[in-house]
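# Predicted model follows, preceded by the sequence.
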Amino acid sequence: MNRHQFNKSFFSTLVALFLFSLSGFAQQTTISGLVKDAATKETLPYVSFIITGTQKAGRTDADGKYTITVSGNYESIRFSYVGYKTQVKAIKPGIAQTVNVMMQPEATLMNEVVISAGKRQKYRNKENPAVELIRQVIANKAKNRMDAYNFVEYQKYERMLFSMSNLSDKFKNKRMFRNYQFLFQEQDSSKIGGKTLLPVFQQEKLSDNYFKKSPEKLKTVVIADKRVNFDERFIDNQGLTAYFDRMYQDIDIYDNNVSVVSNQLLSPIADGGPTFYKYFITDTIVNHNPKLIELSFMPRNNTDLLFEGKLYITMDGNYAVQNAYLTVNKNINLNFVRALEAKLDFEQNPDKRYHLSKSNLLVDFGLLKNGGMGFTGERTVNYKEYKINQERPDTTYRGAGQVLVAAGAETKSEQFWASNRPETLSNTNASVYHNLDTLQHIPSFKRTMDIVTLFFAGYKDFGPFEMGPVNTFYSFNSVEGFRLRLGGRTTPSLSKRYYFETYGAYGFDDQKWKYFLSATYSLNNKSIYAFPQNYIRASFQRDTKIPGQELQFVQEDNFLLSFKRGENNMMLYNDFYKIDYIHEYENHFSYTIGLRKWNQSPGGSLYFSRGNSSSPFDRINQINTSEVSLGLRYAPHEKFYQGKVYRTPFVDRYPIFNLRYTAGIKGVLGGDYNYHNLMGSIDKRFYLSQFGYSDVTVEGGYNFGKIPFPLLSIHRANQTYAYQLQSYNLMNFMEFVSDHYASLNIDQNFNGFFFNKIPLLKQLKLREVASFKVLYGGLRNENNPAVNNEAMQFVRNADGVPITYALNREPYMEGSVGVGNIFKILRVDAVKRFSYLNNPNVSSWGIRARVKFDF
């Protein structure tokens, strides 16, 4: 062959190869789409599909989406799903195309049903292949969890969208929305949330996460954070985010309990799962590598806090969950939840084990179970760049246990988000930020928020000043009689550094003015109500107080607490001169340093008497003290909503530690006594899976020094008809004082575990509650007037009968049993007192009620 022939032949070969490769390229076919239920229009997760005539197959993801690319001249794709007719769809070779599928449910005709005599076989765990399979999954949980690795790191993307849902056309067409129809989103009416939605909140977050097994540490660094920010006058944005984080926590299917909407639901692969769930093998997916078993499950009792749904288990020896679809029974004992759906996708690691790659949690809330306006929240989480057993320096894990926010995280550009989102936002979702910013400028919306804030927070905003709280404007008691109060405070609109607060009150029976004035300086240029606090405050207060009454998240002159049982004619008139410094840290450790001059005088029938004399000439008109105090508090992982007056914590499994030291200094600013007081407490919630949870408080205190009884520990009593968690509900005010004490409070909520097993009663969704409180204490001889004649005498009533006592060797005890979730908001307890029943004017039992909104 000469050179010319070779060149010609070579060129021909190149052309042939090019045309062949071009032909092969032309036959590259990409098919993607969405698979739905034809009847309900809901997306179907994990539907199996296969290219006809090949082994190329797959399954839709948790959202019903799929994509596959093949080379060749193939003309059809087949979809199959248990309970649905198989669908075959035509495809066009060589082009990218979208093929959406509507799966038709299998219909069973009545004349095809054959009824035979005999009992239906009873479900049982023994010799049940589905139960044997789930036991294998449970046995292999440890190796399929993240903490099976020494080191793990990954990037995590989160998106939270919260919307008003099931909106009627009448609501949508209100005059206030006439020019703002772009705020609404339309979807298929059969979907969760209904046809019309109005987004009210959206947040996206991107974080780097670093896990180390020994010692166990998890560090999270937020590198980007974008969210809707509301006017801080109306809404605590940080608290709102914390609330959604509490409601929509990460779902770990391998945990024994999964936290959803502030409740703990038993995982279908919990160690005790076979006791509470029924399992069924409903499909075997052989055209997937590895082969999968579809395992359906349902609760044995449909009102218990359990899931139902499907798991897809790998049959490669790992017995890992590759996909999960979780929902709840319509009869579950959950308040205000109309629908709940969670989807989990897992991807395989290089070592053939699996990690969570995507989760989606969708919950629809509403006052009415079957309709009406409500709220729908959806949280989607994607995990990528998953790396295992790549050790990093110890400095990488410094700050573990808390969420660190990188500088500039909240100012990332749109270009950054566009390139870092795992999935492109739809146009409607992308416009939520701008739309809600527009909504906040609508005058009618501002008026609505003003009214809502006044009703729930009790304050009326006037720009730089707000007036309230309105529930304290009017109250009454037996000493002051009819009492009027008016007050308010400045807002950050006036200054972010300086804050002032004041009120004035007048009692028409005692004809005395009470008032309060404070000035606060913020040291971190943040609102003094925002976390973390760092400020110094000077204040003066002249007002009344019932000795021994300590209230949580409510003020003493609240109108509703004016109604009390028994005698309530003893009060203290207090003058407080205070300087306080408060410093909180991001890890939720805080300390408070305080200086206080306290002058207290008896009011009503209360009196201070020297020695054992009953002569009015030996009575003391005033007790004067000067104190310095140090308070320490540590609440790891604490989350809360910052209200206008109080922080409302979202109680979780983490403990809260408190320690307070107070020293009274004689001769300084008129102080009459030297003393030291030490008090400590620990609060913790214990989750007990299907048995609910227990809130436990352990507290103790010790007073050093010889002091009059008003400076001792006057134990928390409650003479209102409201059930108080941290007070003794059948103890009278000032009934017991101690200079050393220890107490234990247990409040048990069973979440309907027993009521759910009782026919008919289970339909009411009631929940059992019980409590037990025990208090040990006593007085040293130097402070006990029964032993020491020089000690200040305890108070007697008009009949000369003592009303104040020291605890002896017998503890004070009371307990209660009750019913919660009455009308979804009310708890009623029957309270029983077990000790010191011979004290005058005591009740051995009583009925108390408490309003509590809970899911």
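Structure received. Not measured: the values here are computed from a predicted model.
# can we go C-alpha only for contacts and neighbour counts from here?
Fine.
# which stretches of the stretch 451-600 of the chain have low pLDDT?
Filtered on pLDDT under 70, the stretch 451-600 of the chain yields the residue ranges 548-568.
# tell me the pLDDT at the residue sitting nearest the centre point of the chain?
Compute the mean C-alpha point of the chain, and by C-alpha atoms, centre = their mean the closest residue is Arg246, 3.3 Å away. Arg246 is assigned 85 on the pLDDT scale.
# Return the backbone torsion pair for the residue lying closest to it once chain neighbours are set aside.
Excluding the flanking residues, the one nearest Arg246 by C-alpha to C-alpha, 6 or more residues apart in numbering is Ser262, at 6.4 Å. Dihedral pair for Ser262: phi 60, psi 10, per degrees, to the nearest 10.
# and what of the one 4 residues further on?
For Leu266, the backbone dihedrals (degrees, to the nearest 10) come out as phi -70, psi 130.
# ok, the residue nearest to Arg246 touching Phe244?
No. Counting by C-alpha atoms under 8 Å, Ser262 sits too far from Phe244 to count as a contact (9.9 Å).
# For Arg227, give its distance to Phe211.
Per C-alpha to C-alpha, to the nearest Å, Arg227 is found 26 Å from Phe211.
# Neighbour count: those two, which is higher?
Phe211 (26 against 18; other C-alpha atoms under 10 Å).
# check contacts around that one.
Applying C-alpha atoms under 8 Å, 6 or more residues apart in numbering, we find Phe211 in contact with Phe151, Val152, Glu153, Lys217, Leu218, Lys219, Tyr397.
# In this structure, where is pLDDT below threshold?
Along the chain, segments meeting pLDDT under 70 span 1-27, 62, 83, 107-121, 188-190, 548-568, 611-618, 644-646.
# let's go with 50 and repeat that
Low-confidence segments of the chain, defined by pLDDT under 50: 1-26, 108-120, 551-559, 617.
# In it, what residue spans correspond to helices?
Ranges of helices within the chain are 3-26, 129-139, 141-144, 169-172, 237-247, 273-276, 414-420, 427-430, 432-439, 443-456, based on DSSP state H.
# which helices and strands does the last one pack with?
What it means is helix 443-456. Applying 3 or more C-alpha pairs under 8 Å, 6 or more residues apart in numbering; DSSP states H and E, one finds that helix 443-456 makes contact with strand 460-461.
# Which other helices and strands does the strand it packs on contact?
helix 443-456, strand 465-467.
# please redo it, this time with the cut-off set to 10 Å
Helices and strands touching strand 460-461, by 3 or more C-alpha pairs under 10 Å, 6 or more residues apart in numbering; DSSP states H and E, are helix 443-456, strand 465-467, strand 481-490.
# can you put those in a markdown table and add mean neighbour count and distance to Asn788?
Compiled in a markdown table, these are given as follows (neighbours: other C-alpha atoms under 10 Å; distance: least, C-alpha to C-alpha, whole Å):
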| stretch | mean neighbour count | distance to Asn788 |
| --- | --- | --- |
| helix 443-456 | 15 | 51 |
| strand 465-467 | 18 | 50 |
| strand 481-490 | 19 | 37 |
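# how near is Gln264 to Lys65?
30 Å.
# oh sorry, the question was meant for Lys578
Distance of Lys578 to Lys65, given as C-alpha to C-alpha: 63 Å.
# what does Gly458 give?
From Gly458 to Lys65 the distance is 48 Å (C-alpha to C-alpha).
# Also Gln748?
Gln748 is 44 Å from Lys65, by C-alpha to C-alpha.
# re earlier: just checking, the residue nearest to the centre of the chain touches Tyr641?
No. Arg246 is beyond contact range of Tyr641, at 11.0 Å (criterion: C-alpha atoms under 10 Å).
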